[in-house]
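**Q** task: produce atomic coordinates for the following.
(chains A, B, C and D)
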There are 4 protein chains.
Amino acid sequence: MIPRYARPEMTAIWDQQTKYRIWFEIEAHAADAMARLGIVPKEAAETIWAKGKDAEFDVARIDEIEAETKHDVIAFLTHLAEIVGPEARFVHQGLTSSDVLDTTLAVQLSRATDILIGGVDRVLAALKARAFEHKTTPTVGRSHGIHAEPMTFGLKLAGYYAEFDRAKRRLLAAKDEIATCALSGAVGTFANVDPSVEAYVAEKMGLQPEPVSTQVIPRDRHAAYFAALGVVASSVERLAVEVRHLQRTEVREAQEFFGKGQKGSSAMPHKRNPILTENLTGLARLVRMAVVPAMENVALWHERDISHSSVERGIGPDSTIHLDFALHRLAGVVEKLVVYPERMQANLDALGGLVFSQRVLLALTQAGASREDGYRLVQRNAMKVWDEGASFLSALCSDDEVTALLPPSEIEPLFDLSYHTKHVDTVFERVFGAA
Amino acid sequence: MIPRYARPEMTAIWDQQTKYRIWFEIEAHAADAMARLGIVPKEAAETIWAKGKDAEFDVARIDEIEAETKHDVIAFLTHLAEIVGPEARFVHQGLTSSDVLDTTLAVQLSRATDILIGGVDRVLAALKARAFEHKTTPTVGRSHGIHAEPMTFGLKLAGYYAEFDRAKRRLLAAKDEIATCALSGAVGTFANVDPSVEAYVAEKMGLQPEPVSTQVIPRDRHAAYFAALGVVASSVERLAVEVRHLQRTEVREAQEFFGKGQKGSSAMPHKRNPILTENLTGLARLVRMAVVPAMENVALWHERDISHSSVERGIGPDSTIHLDFALHRLAGVVEKLVVYPERMQANLDALGGLVFSQRVLLALTQAGASREDGYRLVQRNAMKVWDEGASFLSALCSDDEVTALLPPSEIEPLFDLSYHTKHVDTVFERVFGAA
Amino acid sequence: MIPRYARPEMTAIWDQQTKYRIWFEIEAHAADAMARLGIVPKEAAETIWAKGKDAEFDVARIDEIEAETKHDVIAFLTHLAEIVGPEARFVHQGLTSSDVLDTTLAVQLSRATDILIGGVDRVLAALKARAFEHKTTPTVGRSHGIHAEPMTFGLKLAGYYAEFDRAKRRLLAAKDEIATCALSGAVGTFANVDPSVEAYVAEKMGLQPEPVSTQVIPRDRHAAYFAALGVVASSVERLAVEVRHLQRTEVREAQEFFGKGQKGSSAMPHKRNPILTENLTGLARLVRMAVVPAMENVALWHERDISHSSVERGIGPDSTIHLDFALHRLAGVVEKLVVYPERMQANLDALGGLVFSQRVLLALTQAGASREDGYRLVQRNAMKVWDEGASFLSALCSDDEVTALLPPSEIEPLFDLSYHTKHVDTVFERVFGAA
Amino acid sequence: MIPRYARPEMTAIWDQQTKYRIWFEIEAHAADAMARLGIVPKEAAETIWAKGKDAEFDVARIDEIEAETKHDVIAFLTHLAEIVGPEARFVHQGLTSSDVLDTTLAVQLSRATDILIGGVDRVLAALKARAFEHKTTPTVGRSHGIHAEPMTFGLKLAGYYAEFDRAKRRLLAAKDEIATCALSGAVGTFANVDPSVEAYVAEKMGLQPEPVSTQVIPRDRHAAYFAALGVVASSVERLAVEVRHLQRTEVREAQEFFGKGQKGSSAMPHKRNPILTENLTGLARLVRMAVVPAMENVALWHERDISHSSVERGIGPDSTIHLDFALHRLAGVVEKLVVYPERMQANLDALGGLVFSQRVLLALTQAGASREDGYRLVQRNAMKVWDEGASFLSALCSDDEVTALLPPSEIEPLFDLSYHTKHVDTVFERVFGAA
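**A** The predicted structure is shown next:
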């Protein structure tokens, strides 16, 4: 985890104290459930809660014990026994470490996902606001980096809104995947722990019982989870790359907010660089890199091996923390994006109307030309614009083969922006719902 | 695509003729929709259908045209004009190549997903049948490759069933992600094609209209799709690795069916190797390798660039074809798996009852020992079994510290298999529903 | 393998006939070596060569036999026996299938690497020619997509030359990694085949003997090989992305050659898109996707399992074929790249001299300003250019704080292109050697 | 970076203080070089060294400045100015941040590689010692997890030695890739910094000058570097998986050292799990996950963008730290591995001589049988061993078709271990050199 790309709200989920707190809660809830079954004395369960509830766990002490036992959960339980006293022997009855560890990870990832969804919501709100603000701001649509046809900047943003709306649904589904509880004991047989204990703890911790756990919660769930994060990160990257393109010197249609006192380069004082979105591009790669190891983690040996553990100690915090940071950084970029409508218009006009070539082509075919002939006629005039800087309209109007089909008076009206923006309302309704 | 890992049902979706057929249908349905709007003459739309409906498209001819135009859709349309005649000029009105290509990919991936789901269903049926067959067959559960506690072979299979049930749900969700139609024209503005055309074609092709397309269907959908396939492949790998382990010479609890006439090795005639499941392990890697490039495809430039195309020409067919093959190969392995219950029992007995160590530990704590003391007592007797080959039961019964807490008469009943299988019914109900 | 991204020279290496031809040669050379040791009759070895040398192997027949034996090498040997006759029983003495398969893969990958190096050589030649052609063509250097300082287009190309020179060295090293021969028999003990046979066959096939093979050649070699290809593909991508940027409508400093008869878009006849370099971007992703599975292939079980095989059937041909195609496509793009020096100059001039900001800053510090003050002074004038479209030179000359340190007469000479190109010769010498 | 998988020697390279120390040294050496050229006053250069040499940099103060400037190098330089005083204005003359940052990364990765090579050396020493210790210890070689033929445990270890010897060479090559220095100024033109400054600093920092830098050191170098680490990690995984297999309960031929006081499971006191090698399997996945983003980092835009930076802030420390930890953990596992030769012998004997099947086959072909007939005869007797538990030798001796070719007296001597170990010396010489 890289501290400069972390927000405290998310890192808190992953700190040691939080982890031990969740461990404790699972053990204490399990003791309650066992007390109901008469397996554990009621007073013992109460004592566990009473002593442990507000305890600060001593991380250094736990590390010390682990150095000897080479086992983190045993180290914690030993430390807990120091806090709780003799009743501690009723803790962890019939459970395995994995029951605690996997259920804890489920809690952490669930909470992390809620925060991530909060981040997506902020991105969505920013995109929506800016989309409506620029609903009718004309801009050139580009395919292959080449001017294609007119559109509006709001339409562009609406597309990103729809994508982040999918991101939100993916995160909700990912949370469903991951939010399960396993307290099934060694190799998952419930030999030493009644299934009702699992059900009880699951409910208390806001999870669903895992239908079949094999001491571990099956890792296809985690693979699906981190894959979802990778897809969301890729959407972050797409919007980041868009902003980077818009801020290119030659394009300059939009720009990341540049703060007072900010310096763009140590050497070149004139620089305003899209460093936030470049950074987001890199963060997307970082988040995505969890996807493959999470999939490699699925094929554990038999009922479980522990090869997944070191991987998850890395990717669990790193992916959620960096994606969370990225979402908020992205939201900030969108919220404060400086937009230059006049530059958009200038770029739209730069090619002398070439962006209307399709409409001319269609008019020619409507006027009787074959598609192939129409294409040839339009293309040859368009190439003059590229190669000689001609005006597209003039070129067409002085091409006899063209005017034989379409008189200049019918060509000129084809160069009409509103023709291209007439369905912006339709798309906005699809994306944002009826006004 | 590797022909030996392909089934004709799936490869058919990806052959050239099928592709051109879908292209034609999209164009012809679009012409119908435009005819309704009066943009295209009704007779033209009818002629397009009449001439194209049963046409065999000439792949070599299309390739020839593409060699000149460097554009595959234009090449097809030119060829289609040769088939349809003059009315062909009403084909592709206001559409872009991407409208056709992306909608076609959606159709192909949707159909492929249906076939994949069929494969998962076959795996599920096989797992269910074998799980019930071996519901009570005792076997040792293993964690870390080390004997842990008893379970049943049916329980093991039930876990895989639950995982493939999730695989099915993931494929259904993946199909939803991918099954959208875009006929929005250049940069997605609907300038030259009415939104109702998209709606009409979508319905005809079994798809949903894409809320915002930008000439292309957004690639976060495809990233999510291939990620889902990667997760399913990882589940295939997990079951494959399980079989490979069970077939290890020292374990020999199960074995892939070995055909009459089959040879295990060119050099060593005694060999029966788990080659199908080793192959599945490799196929899982092949399918998974589509995940990262599919995510790299998301951040296209502005409204679209075409870098995704070459990637999808590879991973589209390859991933679906190889996963399909893998699912059917896996189903066959499960269906015909040779199971050796007597070897399972022998392995279960191999450590002289060590697999009951936890229950002894719990009995000691119930008898008043602290968790730490109980652990120490059980561990020291267990280590004698590992190091000296002792009988665990005898060792415990001759340990005074142990017998001071638990007399031998109370230790012996702890070595009881049925204690570990008592919740098999519970888990089966969770997985397969009430009997 | 995607046929449209394949050159026949490379695909030939991977066709069935070539594979069987190499299998035969390995077996026949091994028979020769065994004949020298007296293990196999000399006449038998001669007969094997005589009958097999010019034989066309019947792929369908081999497939048929494999359908029964489920073993490809045994199927081939059975077919070879049909060709060679009774002496065939001396073929494959003491060898395992892997001896043949792994050595064959080494031969194929070695040959493939030679062809790849040929592709890199073509790229290098094109880059060198264009670099010298544009050694002094002024262009703007960009960091973060933002104009930074002047450089020359030749210098830019020299950087790519240096990168492909490294690519060449990486391919040479990759070939060394992969070009080993193993004929060590079952589990690599040489029990049934003398080490001298391996040495003999290695030399004949142009390989080195593998120091320790364990029936298979260790897969860390292949992992290193495909990783090298992935790095080379990433270099292809970098140059491809550069061209795509240069061809952007707003930049238009260079353009892929656009053929007569070529069509850029089915809908918009005005389009000239950088489709070759976009395609190369996608091909880079395709080649790179072999890297992870090749690494996953390393940890085979014990002396070998066969999970690597299906992976290599895919990535072996695919990666080499697609990278080969990419290199030649890239070379073509560079060879025929249309360069617009006047557009480069226009872009360089677009910001009114802002690209000289660093030199002004340094002059101010030389004139006694602190770095921080100098920065502040330059930045505030630069921002006027961005925000108000001012001329940078005029702005500086009318800033009293600036002119207090540097009179206008000393500012003007700082706006000097040659200052930035004075070391082009130095860098060219580093890259291309002394003239 | 996961603290529990880190050694202080390696983490020290990556801490803030070390980083600022290297930044300072680069700036101070550059000032010296510029003083020689007369660009900077000699006294200024001396003052920079005098004040900065033993300075403790105030990380919190630098963070504070960065919070305003949003630029880490500027923040450091501002802080340095507070330490050095007015002469600080001669620091960083003509340099860009990237000159400092990229050269620093080169220094860090070079030093990290030296430490990694030290780790490999320790693994090599351990493997060599244990290989010679068990040079003649018989063990069964396995292909596909199935018993194949006899070998020795020392031979197995020799193979791993050869692999780690390659790992060492890969790390040496990776260091060569990465150990370059760039001080070429904005967009790499040396406009404001003489090439001799770069040469001077390179030598002082133990690096080579980068032939063409474009403000950044080209990222194909870093891609190659992290790919090399990924390959080494995969070799770690292979050996780890071997140990995990050997420790499986049913195999039990070797075992990780199990410390006094160690606990294998919180629930099952009998457990001794191969947790170190399972952990190494996971760490390999973690190290490998840097490979893809490092390749994605190559295609920076034009002369540079900064998307690589966040990625490298993660993978730079993480990959080197975790691989370093893994190498030392692995060395410890090998050094203290508990080997059970008697279990190896028992496993070797478990199948009643089936492991000699190839030699019987070869003897039959030498005796005149065709390869196909010999195979059939041996296979049918081998299958009796698998299916009925027969003795292979007895089965063969009572098969009339077999004895018609080979009398029992000639069959028995074929069951000879030494036949399989006769070339162990040859292989040891190849790997370890002449004794």
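
**Q** buried residues, stretch A:142-154. List them.
**A** Across stretch A:142-154, burial judged by 16 or more other C-beta atoms under 10 Å in any protein chain shown covers A:142-154. Bear in mind the C-beta positions are built from the backbone N, C-alpha and C, glycine included.

**Q** of those residues, which belong to strands?
**A** In strands, defined here by DSSP state E, the members of those are A:142, A:143, A:146, A:147, A:148, A:149, A:150, A:151, A:152.

**Q** reformat those as CSV; add distance to chain C.
**A** As requested, these are exported to CSV (distance: C-beta to the nearest C-beta, whole Å):
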residue, distance to chain C
A:142, 7
A:143, 7
A:146, 5
A:147, 4
A:148, 6
A:149, 7
A:150, 12
A:151, 13
A:152, 18
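
**Q** that older thread, make TSV out of the buried residues of stretch A:142-154 and add pLDDT.
**A** Shown next, in TSV, are these (pLDDT from 0 to 100):
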residue	pLDDT
A:142	98
A:143	96
A:144	97
A:145	97
A:146	97
A:147	97
A:148	96
A:149	96
A:150	97
A:151	98
A:152	98
A:153	98
A:154	98
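
**Q** what does the stretch 1-150 of chain A put close to chain C?
**A** Near chain C, the residues belonging to the stretch 1-150 of chain A are A:142, A:143, A:144, A:145, A:146, A:147, A:148, A:149 when assessed by C-beta under 8 Å from any C-beta of the partner chain.

**Q** kindly recompute the last result at 6 Å.
**A** Residues of the stretch 1-150 of chain A lying close to chain C (C-beta under 6 Å from any C-beta of the partner chain) are A:144, A:145, A:146, A:147.

**Q** can you pull out the strands in the stretch 201-350 of chain A?
**A** All strands of the stretch 201-350 of chain A, identified by DSSP state E, counting those that start in this stretch, fall at A:208-209, A:254-255, A:338-339.

**Q** the first one: partners in the sheet, and parallel or antiparallel?
**A** Take DSSP bridges as the rule and strand A:208-209 pairs in its sheet with strand A:180-181 (parallel).

**Q** which residues are in contact with the partner strand?
**A** If you take C-beta atoms under 6 Å, 6 or more residues apart in numbering or on different chains as the criterion, strand A:180-181 is touched by A:103, A:106, A:201, A:202, A:207, A:208, A:209, A:210, A:217.

**Q** next one: the fourth one from residue A:44, what distance?
**A** Counting by C-beta to C-beta, to the nearest Å, the gap between residue A:202 and residue A:44 amounts to 22 Å.

**Q** show the residue spans covered by the helices in the stretch 251-400 of chain A.
**A** Along the stretch 251-400 of chain A, the stretches classed as helices by DSSP state H, counting those that start in this stretch are A:275-288, A:291-296, A:307-336, A:341-349, A:357-366, A:371-388, A:392-397, A:400-405.

**Q** out of those, deepest packed?
**A** helix A:291-296 (a mean of 28; mean count of other C-beta atoms under 10 Å in any protein chain shown).

**Q** that helix close to chain D?
**A** Yes: applying C-beta under 6 Å from any C-beta, one finds helix A:291-296 touching chain D at A:293, A:296.

**Q** can I get that helix in CSV, CA atoms only?
**A** What follows is helix A:291-296, C-alpha atoms only, in CSV (Å, rounded to 0.1, in the frame of the first residue of the first chain):
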residue,chain,number,x,y,z
VAL,A,291,-6.8,-9.8,-10.7
VAL,A,292,-4.4,-12.5,-11.9
PRO,A,293,-3.1,-13.6,-8.5
ALA,A,294,-6.6,-13.6,-7.1
MET,A,295,-7.5,-16.1,-9.9
GLU,A,296,-4.3,-18.1,-9.2
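
**Q** about what we covered before: of the ones in strands among the buried residues of stretch A:142-154, closest to residue D:241?
**A** Taking C-beta to C-beta as the measure, residue D:241 sits nearest to residue A:143 out of those, at 48.0 Å.

**Q** once you drop chain neighbours, what's closest to the closest one?
**A** residue B:304 (4.8 Å; C-beta to C-beta, 6 or more residues apart in numbering or on different chains).

**Q** burial check on the one you found, number of neighbours?
**A** For residue B:304, the count of nearby residues is 28 (other C-beta atoms under 10 Å in any protein chain shown).

**Q** residues touching it, list them.
**A** A:143, B:214, B:215, B:216 are the contacts of residue B:304 under C-beta under 6 Å, 6+ apart.

**Q** tell me how far it lies from residue A:358.
**A** From residue B:304 to residue A:358 the distance is 15 Å (C-beta to C-beta).

**Q** and for residue A:152?
**A** 18 Å.

**Q** domains in chain A, by residue range?
**A** Split into domains by automatic domain parsing, chain A comes to A:1-93, A:95-345, A:354-414.

**Q** buried deepest among these, which one?
**A** It is domain A:95-345: most buried of these by mean count of other C-beta under 10 Å, with a mean of 24.

**Q** just the terminal-to-terminal distance for that domain.
**A** Domain A:95-345 has its terminal residues 67 Å apart, counting by C-alpha to C-alpha, to the nearest Å.

**Q** adding distance to residue D:36, write the helices of the stretch 251-400 of chain A out as JSON lines.
**A** Shown next, in JSON lines, are the helices of the stretch 251-400 of chain A (distance: least, C-beta to C-beta, whole Å):
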{"stretch": "helix A:275-288", "distance to residue D:36": "35"}
{"stretch": "helix A:291-296", "distance to residue D:36": "50"}
{"stretch": "helix A:307-336", "distance to residue D:36": "44"}
{"stretch": "helix A:341-349", "distance to residue D:36": "47"}
{"stretch": "helix A:357-366", "distance to residue D:36": "61"}
{"stretch": "helix A:371-388", "distance to residue D:36": "52"}
{"stretch": "helix A:392-397", "distance to residue D:36": "60"}
{"stretch": "helix A:400-405", "distance to residue D:36": "69"}
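
**Q** pipe those into TSV and attach mean pLDDT per row.
**A** Converted to TSV, these look like this (pLDDT from 0 to 100):
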stretch	mean pLDDT
helix A:275-288	98
helix A:291-296	98
helix A:307-336	98
helix A:341-349	96
helix A:357-366	91
helix A:371-388	90
helix A:392-397	93
helix A:400-405	95
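
**Q** out of those helices, nearest to residue D:408?
**A** Across these, residue D:408 has its closest neighbour in helix A:307-336 (48.9 Å, C-beta to C-beta).

**Q** quick one: work out the angle between that closest one and helix A:275-288.
**A** Using axes from the mean of the first three to the mean of the last three C-alpha atoms, to 10 degrees, the direction of helix A:307-336 lies 160 degrees away from that of helix A:275-288.

**Q** got a pLDDT number for the nearest residue to residue A:147 once chain neighbours are set aside?
**A** Using C-beta to C-beta, 6+ apart and skipping the chain neighbours, the partner closest in space to residue A:147 is residue C:249 (4.4 Å). On pLDDT, residue C:249 comes in at 96.

**Q** next one: phi and psi at the closest residue to chain D within the stretch 101-250 of chain A?
**A** Scanning the stretch 101-250 of chain A for the residue nearest chain D gives residue A:186, at 5.2 Å (criterion: C-beta to the nearest C-beta). Per-residue torsions, residue A:186: phi -60, psi 140 (degrees, to the nearest 10).

**Q** name all residues that make contact with the nearest residue to it once chain neighbours are set aside.
**A** Nearest non-adjacent residue to residue A:186, counting by C-beta to C-beta, 6+ apart: residue B:149, 4.6 Å away. Neighbouring residues of residue B:149 by C-beta under 6 Å, 6+ apart: A:186, A:187, B:141, B:355, B:420.
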